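Novice: What follows is a predicted protein model with its sequence.
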Amino acid sequence: MSVFSEPALEKKLSELSNSQQSVQTLSLWLIHHRKHSKTIVKVWYNELKKAQVSRKLTFLYLANDVIQNSKRKGPEFTQEFSPVIVDAFKHVSSEGDESCHKQLGRVLSIWQERAVYENGILDKLSDVLQVEKKAKKRPYEEIKVNDDDFASQSSPAEPPQTADLIRALQELENAASSDAALRQRISALPPEVQDTTLLHKVTDKESGGRLSRLVEEACMLLADYSGRLAAEIDDRRQLTRTLAVFLQSQRDGLAQNEQKLEPLPTGREQVPVFHLMSHLQNK
């Protein structure tokens with residue numbers, strides 16, 4: 001691990017990408033230098049505010065990884081992020097789109113489930129997302145009702161739009177089960193990490209410390225991968241339910257449109273036609 005300094009951290013944050021490997025690598029480096037946690041959080045927050053909109057969410061992914069994986073070593077990061085995390089959520093949420101808000105909600109749900117922070121902070125984070133959600137709603141005066149609006153909806157429950165389904169399917173293309181690079185990293189773990197029968201190779205303190213670090217990094221990697229897989233399962237279940245609603249709405253719409261079709265003239269409705277034909281024949 002390289003020596004810690006503010007310029008070094010700023011450089012690493014500028015090179016941070018949205019890939020899981022990039023987030024995890026920097027997270028491990030930060031945890032290794034946890035005695036500088038106060039400076040790390042200060043620089044992180046400053047760089048977050050300066051980052052491009054498309055990169056801001058990645059900064060929160062990094063904070064999430066650091067907060068969760070550093071707890072076993074000490075409470076430093078949880079405590080240092082506490083005063084700024086609500087403002088960080090506000091900043092990212094105010095500049096993000098609907099997809100960004102969804103990801104923020106996912107991070108918050110994990111923190112709530114694992115009690116990462118006390119209820120007061122979690123409630124404030126929840127309020128941030130609720131305020132942003134309400135702000136996105138259009139006022140009644142801006143809503144124009146026309147036939148096209150009703151044509152795209154077959155029930156008052158507002159079934160999902162095709163664009164939403166496409167977006168959800170595209171997000172699953174980048175899910176954990178499709179992360180070939182991460183699976184390769186897991187399969188490339190040293191045999192000593194996977195096979196306890198090889199512990200006899202540890203002959204001194206140095207080799208034991210090296211193996212301990214390898215095992216710790218492997219545990220972090222596998223724990224994060226398991227969490228991503230669990231989140232993917234939830235996403236797939238939600239998508240299955242959404243698809244069922246969408247298909248039912250299409251069936252209902254088709255049935256309504258079929259009822260609107262005019263039936264072919266029969267019985268008495270044909271009489272005027274026959275009278276017209278007879279009149280022409282007589283002429």
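Specialist: Yes, it's here. Numbers count the residues shown, from 1 in each chain.
Novice: mind checking how far stretch 113-124 is from the chain centre?
Specialist: A distance of 19 Å separates the centroid of the chain from that of stretch 113-124, by CA atoms, centre = their mean, to the nearest Å.
Novice: Also stretch 37-48?
Specialist: The gap between the average C-alpha position of stretch 37-48 and the chain average comes to 24 Å, counting by CA atoms, centre = their mean.
Novice: And stretch 55-75, by the same measure?
Specialist: Between the centre of stretch 55-75 and the centre of its host chain there is 16 Å, according to CA atoms, centre = their mean.
Novice: how about the closest residue to residue 232 other than its chain neighbours, what does it touch?
Specialist: Of all residues not flanking residue 232 in the chain, residue 175 sits nearest, at 4.3 Å (CB to CB, 6 or more residues apart in numbering). C-betas here are computed from N, CA, C, even on glycine. Under the criterion of CB atoms under 8 Å, 6 or more residues apart in numbering, the neighbours of residue 175 are 228, 232, 235.
Novice: Can you tell me which of those end up in helices?
Specialist: 228, 232, 235 (DSSP state H).
Novice: Tell me how far the closest residue to the first one other than its chain neighbours lies from residue 236.
Specialist: Setting aside the residues directly before and after it, residue 228 is nearest to residue 176 in space (CB to CB, 6+ apart), at 3.6 Å. In this structure, residue 176 and residue 236 are 11 Å apart, going by CB to CB, to the nearest Å.
Novice: So which of the two has more stuff around it?
Specialist: Neighbours per residue, other CB atoms under 10 Å: of residue 176 and residue 236, the larger number sits with residue 176, 19 against 14.
Novice: per-residue confidence at that one?
Specialist: Residue 176 is assigned a pLDDT of 72 by the prediction.
Novice: ok, now which ones touch it?
Specialist: Listed by CB under 8 Å, 6+ apart, the contact partners of residue 176 are 182, 225, 228-229, 231-232.
Novice: and the residue nearest to residue 228, how far is that from residue 60?
Specialist: Here residue 176 is placed at a distance of 18 Å from residue 60 (CB to CB).
Novice: How about residue 113?
Specialist: In this view, residue 113 and residue 60 are 17 Å apart by CB to CB.
Novice: of the two, who's got more company?
Specialist: A direct count of neighbours by other CB under 10 Å for residue 113 and residue 60 places residue 60 higher, at 22 against 8.
Novice: Now the more buried one. Nearest residue, chain neighbours left out?
Specialist: Residue 60 sits nearest to residue 92 (CB to CB, 6+ apart), 5.9 Å away.
Novice: ok, residues contacting stretch 76-91?
Specialist: Residues external to stretch 76-91 that are found in contact with it (CB under 8 Å, 6+ apart): 30-31, 34-35, 37-38, 40-41, 45, 48-49, 56, 59-60, 63, 66-67, 70-71, 104, 108, 116-117, 121, 124-125, 128-129.
Novice: just the buried members of the residues you listed?
Specialist: 30-31, 34, 37, 40-41, 45, 48, 56, 59-60, 63, 66-67, 70, 104, 108, 116-117, 121, 125, 128-129 (16 or more other CB atoms under 10 Å).
Novice: Next one, pLDDT for residue 152 please.
Specialist: Among the per-residue scores, residue 152 shows a pLDDT of 37.
Novice: SS state for residue 72?
Specialist: Taken by DSSP: H, G, I helix; E, B strand; the rest coil, the conformation at residue 72 corresponds to coil.
Novice: low pLDDT regions in the chain?
Specialist: Low-confidence segments of the chain, defined by pLDDT under 70, span residues 1-2, 131-160, 174, 198, 220, 223-224, 227, 234, 262-283.
Novice: in it, which residue is closest to the centre?
Specialist: By CA atoms, centre = their mean, the mean C-alpha position of the chain lies nearest to residue 103, the distance being 3.6 Å.
Novice: So for the host helix or strand of it, what gets flagged as buried?
Specialist: Assessed by DSSP states H and E, residue 103 sits inside helix 98-114. Along helix 98-114, these residues count as buried under the neighbour rule (16+ other CB under 10 Å): 100-101, 104, 107-108, 111.
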